[in-house]
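Asker: whatever this is, show me its structure:
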Amino acid sequence: MKKIIDPFTINLPSIDLHGYDRVLTKIKVNEFINDSIKLKYKQILIIHGIGDGILRNEVFKILKNNKYVESYNINGINVGATIVNLKTD
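Answerer: Here you go, the predicted model:
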């Protein structure tokens, strides 16, 4: 299968959660968001994979409750990743 590379997200700071459990996912995603805020990133990419949707659902729960997240949505080209828009205040 040919891997499709999204030219719009290839340069975004990203974290890959493959192999993580829910607890480690929560810790790593919150650390990544906090570091991204300190570095003044406006957008980040969280790679959670497709699978059964367990990590995706956990990531969505984390993003919904994080005060630095403005919005988030599934990447249109790669449904195994989520693009997160951070608050720039």
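
Asker: I62 - how many residues pack around it?
Answerer: 20 (other C-beta atoms under 10 Å). Any C-beta I mention is one placed from the backbone N, CA and C, and that applies to glycine too.

Asker: secondary structure element for the residue nearest to the spatial centre of the chain?
Answerer: With distances taken as C-alpha atoms, centre = their mean, the residue of the chain nearest its centroid is I46 (2.1 Å). Assigned by DSSP states H and E, I46 belongs to strand 43-47.

Asker: any idea whether G49 is helix, strand or coil?
Answerer: coil (DSSP: H, G, I helix; E, B strand; the rest coil).

Asker: please apply the same query to Y20.
Answerer: What three-state DSSP gives for Y20 is coil.

Asker: quick one: contacts for it?
Answerer: For Y20, the contact set (C-beta atoms under 8 Å, 6 or more residues apart in numbering) comprises K28, L55.

Asker: distance of it relative to I27?
Answerer: Going from Y20 to I27 by C-beta to C-beta, to the nearest Å gives 9 Å.

Asker: same question for S36.
Answerer: Distance from S36 to I27, by C-beta to C-beta: 15 Å.

Asker: circling back: the strand holding I46 packs against which elements?
Answerer: Secondary-structure packing of strand 43-47 (3 or more C-beta pairs under 8 Å, 6 or more residues apart in numbering; DSSP states H and E): strand 14-16, helix 22-38, strand 81-86.

Asker: dump those to CSV, plus mean neighbour count.
Answerer: Formatted as CSV, the helices and strands packed on strand 43-47 follow (neighbours: other C-beta atoms under 10 Å):
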stretch, mean neighbour count
strand 14-16, 16
helix 22-38, 15
strand 81-86, 20
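
Asker: give me every residue that touches S71.
Answerer: Contacts of S71 (C-beta under 8 Å, 6+ apart): V84, N85.

Asker: quick check: it is in a strand.
Answerer: Yes: S71 sits within a strand when classified using three-state DSSP.

Asker: show me the shaky parts of this structure.
Answerer: By pLDDT under 70, the low-scoring segments of the chain are 1-9.
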